[in-house]
Structures are given as C-alpha cells and as structure tokens.
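> Okay, here's the prediction I keep looking at, along with the sequence it came from:
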Amino acid sequence: MELLATKILVGFVVGVLIGLSGIGGGVLLLPVLIFGLRVPAIVAVGSDAVFNFFTKIPASLMHLRKGTVRGKVVLALAIGSVPGSIAGVKLLMHIRHLYGDGVNSFIKSAIGLLLIVIPMLMLFQRRIEERVTNHPPTMRGFAGMSLIGLLAGFLVGMTSVGSGSIIMMLLLLLYSFPPKTNVGTDIVHAVVLTGVTGLLQFRLGNVDPTLVITLLIGSIPGGLLGSHLSTRMPMIWLRRILCALLLITGTRMLLA
C-alpha cells in the first residue's frame, strides 16, 4: 500500500512539473522510475511510453479543436517515426536476446546521453522561437520531416524519450513553423508515436499496467495544478533548474 501511494505521488509530482515547465514526461519520469523506484530499465521504458500516450491525448484534442495542428506534417513525421520505433524496439529485443539483463545497462546509457543532449537544446529553445519565421513546407521539406520522424521514432523505441523534445527542436531549427503550430503538431504526432511504441512494448511484456495506472492517477491532477500555477511562477528559471538537474542525472546514468 505504501509503495502504491509512492507511485501515485511520483505521478503527481511529474504531472505538476510537466504542467509548469512543458518539459516532456519521459525525461522527468524515467530517472525516477529507474533510480527511485528501482524499476528495471526496459520495463520503465515500456511503461513510460504507455504513460506518455495517455497523458498527451487531452492536450492533442485541445490543439485539434484550436486548429494549431498541421495534419500533413503529422503524417510526414509518422511515415518515418512508426517504422523507426519498430526498429528501436526490435533492437532492444535483439540486445536482450544476446545479453539478457545487460539490455538494462544499454538503456541507462542511452537515456543518460539523451538527458544531457535534450536539456542543452532546451536552454536555447526560447531564443530560437523568437527568431523563427513561417515558411510553407515543400515536398523536400516533407521528406526531411520523415527523416526527423525516423530518428525520433528510433530513439523513442529504445528509450521512450524524444517523442516531443527532439522533434520540437528539429522542427524549430529546420522548418520554422510558428511556435503554437509546432507544439500542437508535435503533441498530436507524439500520440501516434507513443501509441505505436507503447503497444509494441506491451505485447513484448515490457509494460507494468499497475505502474502506469497509479502514475496516471497522480499525474492527471498534478498536470492540472501545474498548468494553473504556470501563470504565477517564473518559468524561465524553473526550466533552467530542471535542465540542470537533468544534466546531472544524465551524467550519473552514463557513469553508473
């Protein structure tokens, strides 16, 4: 019972931080699951993918209603990300077949590297957003987006990290959509990507349904509270603090 309450509390805190900062759930939740709750890394990755799928559905519906989603961009990203995620999950299974529990060490190293790269990119996100201009996408652009999706899908398949943060930054850097459209398009695509990845991980037995449910019980009210508080707190400093903590955590994972 005590462990159940702890998982709900973890979900609540992660939900608050997501609502406050906008930082993706994967980078915030995975270190807690692996280091705090001692969940095996491969189960943490699978459970996190399913958790992210459910947490992004309400926001995706909101953006669809507001018209801040580019359907063709979602399709272009998904064309790459779906096979990419399948390849990422299959690589994990291949490593597990060859090295058994050694796959958990591989996952920790991969997540650790992403926890260093992603916060460094996020520190420059605001400056990039201030300088972007809207350029209509071309056929060559859609092909490039599919390659972005392929890379992100592969990373999500292996680590469940990157369905939002990596794609968001690459779209900002390469295609310069308006920030609101970037966010809405990214979230809707993330639902597709994490849905496919979560299903694959579930079928392979890498998902703990009880863990996912308890985390969601906490994260839903936590996300609402965080969104409410986000207008009353200095977001730039909160994001910087979280990025610093993620950099430290990522370094620890690489050295562990």
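Arrived safely, thanks for sending.
> name the element Gly162 belongs to?
Element membership for Gly162, per DSSP states H and E: none, as it lies in no helix or strand.
> neighbours of the closest residue to it other than its chain neighbours, just the number please.
If you skip the residues right next to it in sequence, Gly162 has Leu155 as its closest partner in space, 4.2 Å away by Cβ to Cβ, 6 or more residues apart in numbering. Using the backbone N, CA and C atoms, a C-beta is placed for each residue, glycine as well. Residues contacting Leu155 under the criterion other Cβ atoms under 10 Å number 24.
> list the buried ones in the helix or strand Leu155 falls within?
Mapping Leu155 onto the secondary structure by DSSP H and E places it in helix 139-159. With burial defined by 16 or more other Cβ atoms under 10 Å, the residues of helix 139-159 counted as buried are 142, 144-159.
> just checking, what packs against the lengthiest helix in the chain?
With residue count as the measure and DSSP state H as the assignment, the chain has helix 71-99 as its longest helix. For helix 71-99, the helices and strands in contact under the criterion 3 or more Cβ pairs under 8 Å, 6 or more residues apart in numbering; DSSP states H and E are helix 41-66, helix 102-122, helix 139-159, helix 179-203.
> And the average pLDDT for the longest one is what?
In this case it means helix 41-66. Along helix 41-66, the predicted confidence averages to a pLDDT of 88.
> Leaving out sequence neighbours, find the closest residue to Asp48.
Computed as Cβ to Cβ, 6+ apart, the closest residue to Asp48 that is not its neighbour in sequence is Ser160, at 4.3 Å.
> Can you give me every residue that contacts the one you found?
With contacts defined as Cβ atoms under 8 Å, 6 or more residues apart in numbering, the neighbours of Ser160 are 26, 30, 45-46, 48-49, 52, 194, 197.
> how about a cut-off of 7 Å?
Applying Cβ atoms under 7 Å, 6 or more residues apart in numbering, we find Ser160 in contact with 26, 30, 45, 48-49, 52, 197.
> cool, Ile79 as well?
With contacts taken as Cβ under 7 Å, 6+ apart, Ile79 has the following neighbours: 146, 149.
> what's the spacing between it and Val192?
Between Ile79 and Val192 the distance, using Cβ to Cβ, to the nearest Å, works out to 11 Å.
> Repeat that for Ser109.
Where Val192 is concerned, Ser109 sits at a distance of 27 Å (Cβ to Cβ).
> Which of these two has more residues huddled nearby?
When neighbours are counted by other Cβ under 10 Å, Val192 comes out ahead of the other of Ser109 and Val192, with 22 against 16.
> one step back: from Val45, how far out is the residue nearest to Gly162?
Following Cβ to Cβ, the distance that separates Leu155 from Val45 is 11 Å.
> again with Thr210
For Thr210, the distance to Val45 equals 17 Å [Cβ to Cβ].
> Low-confidence bits of this protein, can you list those?
Under the criterion pLDDT under 70, the flagged ranges of the chain are 1-2, 21-24, 125-141, 173-177, 179, 227, 230-236, 256.
> contacting residues for the closest residue to Gly250 other than its chain neighbours?
Distances taken as Cβ to Cβ, 6+ apart place Leu115 nearest to Gly250, at 2.9 Å, with adjacent residues excluded. When contacts are counted by Cβ under 7 Å, 6+ apart, Leu115 is found next to 27, 246, 249-250, 253.
> so which of those residues is the most crowded?
Greatest neighbour count in the contacts of Leu115, by other Cβ under 10 Å, goes to Val27: 26 neighbours.
> contacting residues around that residue?
By Cβ under 7 Å, 6+ apart, the contact list for Val27 reads 115, 118, 161, 165, 246.
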